[in-house]
Each structure stands twice: as C-alpha cells, then as structure tokens.
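1. sharing a sequence plus its predicted fold:
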Amino acid sequence: MQTAPAAIQRTPLHDVHVALSAKLVEFGGWMMPVQYGPILDEVRTVRSTAGLFDLSHMGRVVVRGKDRVAYLDRICTNHVAKIPQGSIRYSLFCKDDGMPIDDLLVYQGVDEVFLCVNASNTAVDLAWMREHAKGFDVSIEDQTQALAMIAVQGQESGAILQPFCTGLELAKLGYYKFGFGAVCGIEGMRVSRTGYTGELGYELYVPRERVVEVWNAVLAAGAPRGLRPIGLGARDTLRLEAGMPLYGHEIDATHDPVSAGLSFGVSFAPEKGDWIGKSALAAIAATPRWKLVGLETEGPRVPRQGHGVAIDGALVGAVASGSVSPTLDTNIGTAFVPASVDEARAKVEIDIKGKRQEASFRALPFYSRTRK
Amino acid sequence: MRPNDRRYTETHEWAKIEGEMIVVGITDHAVQALSNGNIDDLVYCDLPESGLQIEAGQTFGEIESVKAVSDLNAPVGGEVADVNAAIEDHLEVLSKDPWGAGWMIKIKPQSKNLDHLMDAKKYEEFLAAQAH
C-alpha cells in the first residue's frame, strides 16, 4: 500500500522556538528544537536549576468506557487494574512476539485512562488500539492536537511552577502521581510529577491555544532561578544518564522490554489475565538471551547506536544509546550483550568501524538524584 | 570571502596545492555546523595513518561532535603523506584557524588538478543556496 509522506508537523510553540534561536530538526514527524544553546550546558542547567521543555510532539490519548481497564489490560504489559486512581505507571504495547510497538505512561483517572505515547509511534499506536478495541465497550480519543505539553524539570521546578497553580499543591504530589488544578488561570489542567530527566519535575498538559502564554509566563518567572528552555538533544542525554529507555534504541521491534531491564513495566500477575505478548515475554524472562548493560568509555570516542561491543575480544553485542555525559564527566552508553556475560570479570571494548576502544561496565542508572 | 588560494568540496573540505602535495582541511562552515558555534561540542577527530591510499571522494577520517559523527572526504585521490595528529588533542585549532593550523592531511596526489572542485566564489554561492 502506498501512503503519501505525512507533512512535518509544527507544535504550537514553533514560533517561540524560532524567536529563541533554537536549532530545529525533524523528530518523529515534528519540527522540534534540538538545542537553544550548547547541548552540554543545557544538560548542566537541568541538573543544577531547571529546564523548560516543549513536548507537544508526544501523543496524547484518552480511553473512556466501562471496559477501559479490561481493554487496556489486554494491550498493555503492565497491570492497569492495579494502578490507583491519580497514579501513573510505565507500560508498553507489545505484539504477540513480545516485541514493543511503543512504550507509554498510563494515567488512571476517575472515569478515563489517559495515555502519553511517543511522537513517532502515535499513528501506529492508535491503529493498534482501534484494531484491538473490538468487543470492548471503549472509546478512544486522540487529544494530540487539542492538548499541547510542556515540562519543567530540575530541582527548582516546584518553586517556579507553584505560584502559577491554584488548587494544586505541587509539593504534595508524589512521584508518578497526577492532579488537576488551575495553572495560569486555566482551569482543569492535568499536571503530573513525571519526566525524562531523573530530576524533580512536572509535565503539564495545556490547551493548545493557551500554551504560548503558559510557556512565556513560566519562562519569564523562572529565569531568575536559572530556568532555561532545553532541547531534545539535552533531553536525550538526561534520560540516558537517568537510565531511561528510548523507543528505537533500548526497545523496538527487535528489542524486548524484559531484556532491556524494563520488567517493572511488565506484569505476569494471574489477575491481569491474558494479554498480547504475555507468553512470549514470559518465555524470554525464563531463559533470557540478552541483557542491557551500562558502559563507560576509557577514551575520547562516544558510544553510538550500532557500534559493536566486544567481550573478551569477541564481537558479541551492540550499543543501543550513547552520549557525552557532562554530569558524570565521561562518555556513557547502553548496550545489549549476552545474558551470560559476567560484568565483574569480562573485558569490554567498543568496536567503532573495526577500531577498538576500551570501556568498562557501569551500573544502571548512571545517575540518580536520590543516590548522589 | 573565504580564501581564494584553494578549492572546496560540497562536503565542506578544502584542498590547497602546496608544492607536490595537496593539503586538506575542513571549512569554517563545517566547524560551525558540527559545533553549533560551541567548540566544546567537538569531541573527537579520527585521522588516518600516513601511507593510506585513497580515492577522490573516499572517507579518510571522522569528526565527532556531541550529537553527531561526520565523515571526512578526500577531495583528490592519492597517498596520505602527512597527518596533522596534533588536531586529535587540540580540536580548538579547527575553529581558531581552519585554513592554516587546522589542516588535517597532506595527499601526494595522482594529479594536482583541482578543476573538479569549487573555487571560493562558487563555494560561497553553494552555501548561500544551501541556506534556503
């Protein structure tokens, strides 16, 4: 089947990014700011004060109807029925072979379940969801266009955002919890204590037509505390330092969540019943062949997706993600290696077009705010 | 205007005749695009060993920035006769002096003819056209 290439979309903050002199690139079908200034400085800003992110490219979907939980428990890897109201859990959509279509956050509401999915997979997710909705009393609403999304991440995020909130006490919002309140006078805004940086932070779902106003107000008020706009380049480094997966790297159509160390998002509980991909993932969990490890390089070269990984001289693995890490002051990466590799004893090297660079294993996550 | 004593490739290398050799480097535009104006964004430059035989257009090395790796392409074919290994530890020279101290390799060419490459004026026009 021939499909016309989809036009590249712009977020409602596009003109704001241009005015801020952002470098814009196509990402997941959207023109997105990859950086406003030096990427490594943007990483340091989020680790030391706070950063403001445009995440409007992410997919936002609401599921309603009396069968919504049973339906989602059929297509999600995590146990949706067990998520308390007001809480959020990490999950994946997998195919029968256990390979992910996408990963997502699941928000358990009072009479709806809200999902946040990856930009590049939104269309595929929606098609998959609709295909598997037959027989369930559910409605699926794509809110990606109606809602924009921004995040404030970093230790100053609560202090910056709280003055804009009415009926919402951010300090009382637990990790992976969400609430509703007025933000900048906009009633009923969804705010969650989530993020992709490993820092204290909040994600805000803002009506599309109001997001420029909210962005500008928050940025102006936060600037004295060090708040700066942050692009996707730094976001990728922040998430890697924090040990968080990215679809297309740690998970994709050939990399399952169990091998990627994401079993916390996969439930084999009997009460969940049968779900798509369960038996395949249970078999992988019983006899894993691969595991995801953290690597740190001993030389100047940065691990990159697709580089080979040699264990005791033999090329047996592959790098999934890599980055310069300003927080750890070294180059880091994740890699898939055979599950049998003994990290305490094995000698590991990265193979870059046939050239070997020494590396060492490092526990994941590379960075933890609470552990430092 | 960029130096008119050399020729340019569409992948932003320059080539300059120096006696029997062709000196090769990358342009200020290449450095700017790789580093986004922040020289600390350049992390690595991989250059070949002397003696390597290369064809015109073939990759002779790599330059790496925080977010990307770019190939370095030979403007002419021949034998790599000399390598500016000091660059690998002093990437800042690429932004300070891309036309001189930032040279990368010297090629003993099969032919000293550079007519297949752009002169400074054509390179400027090429960059202007790319910006649109």
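-> In hand now; what should we look at?

2. who are the contact partners of the closest residue to chain A within chain B?
-> Across chain B, no residue is closer to chain A than B:N38, which sits at 3.9 Å (CB to the nearest CB). Backbone N, C-alpha and C define where each C-beta goes, glycine included. Residues near B:N38 by CB atoms under 8 Å, 6 or more residues apart in numbering or on different chains: A:37-38, A:41.

3. can you rerun that using 7 Å?
-> B:N38 makes contact with A:P38 under the criterion CB atoms under 7 Å, 6 or more residues apart in numbering or on different chains.

4. distance check, it against B:P98.
-> Distance, B:N38 to B:P98, by CB to CB, to the nearest Å: 16 Å.

5. over to A:D97?
-> Taken as CB to CB, the span from A:D97 to B:P98 is 51 Å.

6. more neighbours: those two, which one.
-> B:P98 (23 against 14; other CB atoms under 10 Å in any protein chain shown).

7. pLDDT score for the closest residue in space to the more buried one that isn't next to it in sequence?
-> In space, and not counting its chain neighbours, B:P98 is closest to B:D28: 5.0 Å by CB to CB, 6 or more residues apart in numbering or on different chains. On the pLDDT scale, B:D28 is placed at 95.

8. would you mind measuring from the residue of chain B closest to chain A to B:L91?
-> From B:N38 to B:L91 the distance is 12 Å (CB to CB).

9. got it, and B:Y123?
-> Look at B:Y123 and B:L91: by CB to CB, they are 23 Å apart.

10. enumerate the residues of chain B near chain A.
-> Residues of chain B lying close to chain A (CB under 7 Å from any CB of the partner chain) are B:36, B:38, B:40-41, B:43-44, B:64, B:66-67, B:69.

11. please work out which residue of the stretch 251-372 of chain A is closest to chain B.
-> For the stretch 251-372 of chain A, CB to the nearest CB, closest residue to chain B: A:P300, 4.7 Å.

12. what about that residue, which SS state?
-> Three-state call for A:P300 (DSSP: H, G, I helix; E, B strand; the rest coil): coil.

13. could you do B:A101 as well?
-> coil.

14. that one: what's it in contact with?
-> Per CB under 7 Å, 6+ apart, neighbours of B:A101: B:V93.

15. name the helices or strands packed onto the helix or strand harbouring A:M32?
-> Here A:M32, judged by DSSP states H and E, is contained in strand A:30-35. With contacts defined as 3 or more CB pairs under 7 Å, 6 or more residues apart in numbering or on different chains; DSSP states H and E, strand A:30-35 has these neighbours: strand A:23-27, helix A:232-241.

16. count the neighbours of A:A7 for me.
-> A:A7 has 7 nearby residues by other CB under 10 Å.

17. now do the helices in chain B.
-> Counting by DSSP state H, one finds helices in chain B at the ranges B:28-35, B:93-96, B:120-130.

18. convert the C-alpha atoms of the last one to PDB, please.
-> Okay, so that is helix B:120-130. What follows is helix B:120-130, C-alpha atoms only, in PDB (Å, rounded to 0.1, in the frame of the first residue of the first chain):
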ATOM      1  CA  ALA B 120      35.800  30.300  -3.300                       C
ATOM      2  CA  LYS B 121      33.200  32.200  -5.200                       C
ATOM      3  CA  LYS B 122      31.300  29.100  -6.200                       C
ATOM      4  CA  TYR B 123      31.600  27.700  -2.600                       C
ATOM      5  CA  GLU B 124      30.000  30.900  -1.300                       C
ATOM      6  CA  GLU B 125      27.200  30.500  -3.800                       C
ATOM      7  CA  PHE B 126      26.800  26.900  -2.800                       C
ATOM      8  CA  LEU B 127      26.500  27.800   0.900                       C
ATOM      9  CA  ALA B 128      24.000  30.600   0.100                       C
ATOM     10  CA  ALA B 129      21.900  28.200  -1.900                       C
ATOM     11  CA  GLN B 130      22.000  25.600   0.900                       C
END
